[in-house]
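Participant: Using only what follows, build the 3D model:
(4 chains)
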Protein chains: 2
Amino acid sequence: MTQRRIQILDAAAELIAEKGFIQTSVDDVIARAGLSGKSHFYHYFKSKDALGHEVLARQFDLLGERGLAILSESSLDPIERLQVFIDSVVAMQVERGMKGGSPFGALASDMAEQDEGFRVRIARVFRGWIDEIAGLLSQAEDRLEEGTDPVRLARFIVAALEGATTMARMKRDVSLMHGVASDLKRFLTSHVRGSVTR
Amino acid sequence: MTQRRIQILDAAAELIAEKGFIQTSVDDVIARAGLSGKSHFYHYFKSKDALGHEVLARQFDLLGERGLAILSESSLDPIERLQVFIDSVVAMQVERGMKGGSPFGALASDMAEQDEGFRVRIARVFRGWIDEIAGLLSQAEDRLEEGTDPVRLARFIVAALEGATTMARMKRDVSLMHGVASDLKRFLTSHVRGSVTR
DNA sequence: TGCGGTTTGGACTGACGGGTCCAATATTGA
DNA sequence: TCAATATTGGACCCGTCAGTCCAAACCGCA
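Facilitator: Numbering: from 1, shown residues only, chains lettered A, B, ... in the order given. Next up is the predicted model:
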């Protein structure tokens, strides 16, 4: 029951990451999940869109968990944690062989165009990450250079990661991903008081 | 003849920017371009994919022109030009009311998934921008901080702009776009010798 | 063994989209 | 003016896909 739902969600997540939402047919999902018969699928999900929304929500949870695990690793100070976090986003993308969807943007960019509900949902996901990172930066606020706005810096970090992932995906270029990430970390430290900017 | 082709290309570019490539049907294009009858369309284009490729190439040319006009504005020094350029990317996105596709990435991210040819083409487009910007940075190499790699910096700039556009589109947030752009300019100047980093 | 319900398979429907075809209409040139 | 050629309109074909429906298989359970 719930078992099966998860099976379907996993299969769908994979396919959506590979081909995009529109390009993924319900039949594809069924095949990948190893069910046969559509009624089976429609027994668990109201519609393809409903599935999409759930995949997105789930993806967010999974990334959130993974991100949170790092972002709350208390043996490191907030700034270091953030750096490890950036590396882990890179690692996730490399893992997928540069093929998979970005953190969420590209994965879901066609979803966003599909209906307004998706767009709002994706926007919320971005917001979630930004908030998490901004929270971490705030923790280290006393170490930040005068006038550094945590939210703004968080936005920049997420934007750069998002863009790097999209570009790396298009160019199938792992080194690009690494390059941007390390520049980003340097950018981050340049906002930290007393650290050597280069 | 060529006139009509351009009409079709313009219509298609609009629609693709709004809805994505897959979501745009040939009938949509025909309606927007004011033709009636499909044969008319197929008289000018071999297939929908062929149209897509041409739109992409054209978009690149148009952006290239616009970008080049700024990037070669000789009354400003290279670094200033680059800053104006960043602003103009922002302006383009704001113009489209945060709806349109990013410089190209999101606009075409579903294209990329559609067929390998698109992906390669989009990758080339990114490369074009990076090369242009890197060239400009090289011109000012003597003013850059020791050890700054123009290509790498150029990649970072393009990635950040790309990501900012995607995020801004999802969140329908103009200020995000501006924020990232100004942070990016600050990042840029931090690589220029003797400039005040903040 | 036989009766209730649930799970499963897969045929089917209807809409939509890409692409073709051909007939009608304009356009050219002699 | 007339025929040959280029342009136009739109009906049509075919494949795909979301979503429905029903019949068969499978389950307890008596």
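Participant: so where does residue A:3 fall, helix or strand?
Facilitator: helix A:2-19 (DSSP states H and E).
Participant: is DNA strand D contacted by that helix?
Facilitator: No - taking Cβ under 7 Å from any atom of the strand as the criterion, helix A:2-19 and DNA strand D are apart, separated by no less than 9.7 Å. (Glycine included, C-beta is placed from N, CA and C.)
Participant: Same question for stretch A:29-39.
Facilitator: Yes - using Cβ under 7 Å from any atom of the strand, stretch A:29-39 reaches DNA strand D at A:38-39.
Participant: So residue A:76 lies in a helix, does it not?
Facilitator: No - secondary structure of residue A:76 (DSSP: H, G, I helix; E, B strand; the rest coil): coil, not part of a helix.
Participant: Against residue A:73, how distant is the residue nearest to it when sequence neighbours are not counted?
Facilitator: With sequence-adjacent residues excluded and distances taken as Cβ to Cβ, 6 or more residues apart in numbering or on different chains, residue A:76 is closest to residue A:84, at 6.7 Å. Counting by Cβ to Cβ, to the nearest Å, the gap from residue A:84 to residue A:73 is 7 Å.
Participant: In terms of neighbours, single out the busier of those two.
Facilitator: Taking neighbours as other Cβ atoms under 10 Å in any protein chain shown, residue A:84 and residue A:73 compare with residue A:84 leading, 15 against 12.
Participant: Does anything pack onto the helix or strand the more buried one falls within? Which helices or strands?
Facilitator: Following DSSP H and E, one finds residue A:84 within helix A:78-95. Applying 3 or more Cβ pairs under 8 Å, 6 or more residues apart in numbering or on different chains; DSSP states H and E, one finds that helix A:78-95 makes contact with helix A:48-71, helix A:116-139, helix A:150-171, helix A:174-190.
Participant: Take those helices and write them to TSV, including mean pLDDT.
Facilitator: Shown next, in TSV, are the helices and strands packed on helix A:78-95 (pLDDT from 0 to 100):
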stretch	mean pLDDT
helix A:48-71	81
helix A:116-139	86
helix A:150-171	90
helix A:174-190	91
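Participant: And the ones you listed: which comes nearest residue B:9?
Facilitator: Closest to residue B:9 of the helices and strands packed on helix A:78-95, according to Cβ to Cβ: helix A:150-171, at 22.0 Å.
Participant: Flag every buried residue along that closest one.
Facilitator: The neighbour-count check on helix A:150-171 (16 or more other Cβ atoms under 10 Å in any protein chain shown) flags A:150, A:152-171 as buried.
Participant: Give me the helices and strands touching it, please.
Facilitator: Using 3+ Cβ pairs under 8 Å, 6+ apart: helix A:150-171 touches helix A:78-95, helix A:105-114, helix A:116-139, helix A:174-190, helix B:105-114, helix B:116-139, helix B:150-171, helix B:174-190.
Participant: Thought residue A:136 was touching residue A:71, still the case?
Facilitator: Yes - between residue A:71 and residue A:136 there is a contact under Cβ atoms under 8 Å: 5.7 Å.
Participant: what's the overlap in contacts for the two?
Facilitator: Shared contacts of residue A:71 and residue A:136, defined by Cβ atoms under 8 Å, 6 or more residues apart in numbering or on different chains, are found at A:81-82.
Participant: Quick one: work out the angle between the helix holding residue A:3 and helix A:48-71.
Facilitator: Angle of helix A:2-19 versus helix A:48-71, following axes from the mean of the first three to the mean of the last three Cα atoms, to 10 degrees, is 90 degrees.
Participant: same question for helix A:2-19, mean pLDDT?
Facilitator: Averaged over helix A:2-19, pLDDT sits at 86.
Participant: Following element in sequence after it, please.
Facilitator: Following helix A:2-19 in sequence order, the next helix or strand is helix A:26-33 (DSSP H and E).
Participant: Return the set of buried residues in that next one.
Facilitator: A:28-30, A:32-33.
Participant: Could I get those residues in CSV, plus columns for distance to residue B:63?
Facilitator: Shown next, in CSV, are the buried residues of helix A:26-33 (distance: Cβ to Cβ, whole Å):
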residue, distance to residue B:63
A:28, 35
A:29, 37
A:30, 41
A:32, 38
A:33, 41
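Participant: closest to chain B among these?
Facilitator: Taking Cβ to the nearest Cβ as the measure, chain B lies nearest residue A:28 of these, at 13.3 Å.
Participant: Can you tell me, leaving aside adjacent residues, what's nearest to the residue in chain A positioned nearest to chain B?
Facilitator: Nearest residue of chain A to chain B (Cβ to the nearest Cβ) works out as residue A:163 at 2.7 Å. Leaving out its chain neighbours, the residue that sits closest to residue A:163 by Cβ to Cβ, 6+ apart is residue B:163, at 2.7 Å.
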